[in-house]
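K.L.:
predicted structure and sequence below. I'll ask about it afterward.
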Amino acid sequence: CLGKARGCMTTSGPTAALHLIGVMVLAMLFGLFTLCMVCEQITTVSTNQTTIDRMKGGLVTGERRSMMENLAEVFGGTGPSITWILPTQVHFENPELSFGYIVTEDQEPLVAADGTVLDQVV
C-alpha cells in the first residue's frame, strides 16, 4: 500500500514483525530445499549413478566419464551451449545410449484404455 490511500490496510508493530519473521523462515526453508535438490542432482550427474543405485551399493558399470561428458548426456549436444539453460528441444547425439532403449519409427504408439494416444513417436 503506497501512501495514505483511503481503505488501505496496513499492519504495524508486532503483527508486521511476526509476518516478516514468518516470510523469512519460509524463504529460508525454500532456499534450503532448493540447495539440497541442486546438490543431489549435481552428485547424480557427476557420479553417473542415481541415489537408489548408490544406496543399493551398486558399482558404476562401463567407463568412467568426465563431468562435462555427463552434463552433455543430460542436456544434449556435445559440449556447453546456451541451449543448456534455455527451454528448447533437446537433440541427443546418440538417443539410444541416453534413453537406454531403441526408438524405431515403426513402433506402435501407446494407447490408453479409452483409446487416447499416450505416447507417439514423432
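P.N.:
Sure, I can see it.

K.L.:
show me where this protein has its strands.
P.N.:
110-111, 117-119 (DSSP state E).

K.L.:
what does the pLDDT read for the residue most central in space within the chain?
P.N.:
The C-alpha lying nearest the average C-alpha coordinate of the chain belongs to Gln41 (C-alpha atoms, centre = their mean; 7.9 Å). Reported pLDDT at Gln41 in the predicted model: 91.

K.L.:
where does pLDDT dip in this structure?
P.N.:
For the chain, applying pLDDT under 70 flags the ranges 1-11, 58-63, 97-110, 118-122.

K.L.:
buried residues in the lengthiest helix in it?
P.N.:
Scanning the chain for the helix with the most residues, using DSSP state H, yields helix 14-47. Across helix 14-47, burial judged by 16 or more other C-beta atoms under 10 Å covers Thr44. Where C-beta positions appear, they are placed from N, C-alpha and C, glycine not excepted.

K.L.:
starting at the chain centroid, how far to that helix?
P.N.:
Computed by C-alpha atoms, centre = their mean, to the nearest Å, the chain-centroid distance of helix 14-47 equals 16 Å.

K.L.:
so which elements touch that helix?
P.N.:
helix 51-56, helix 67-75 (3 or more C-beta pairs under 8 Å, 6 or more residues apart in numbering; DSSP states H and E).
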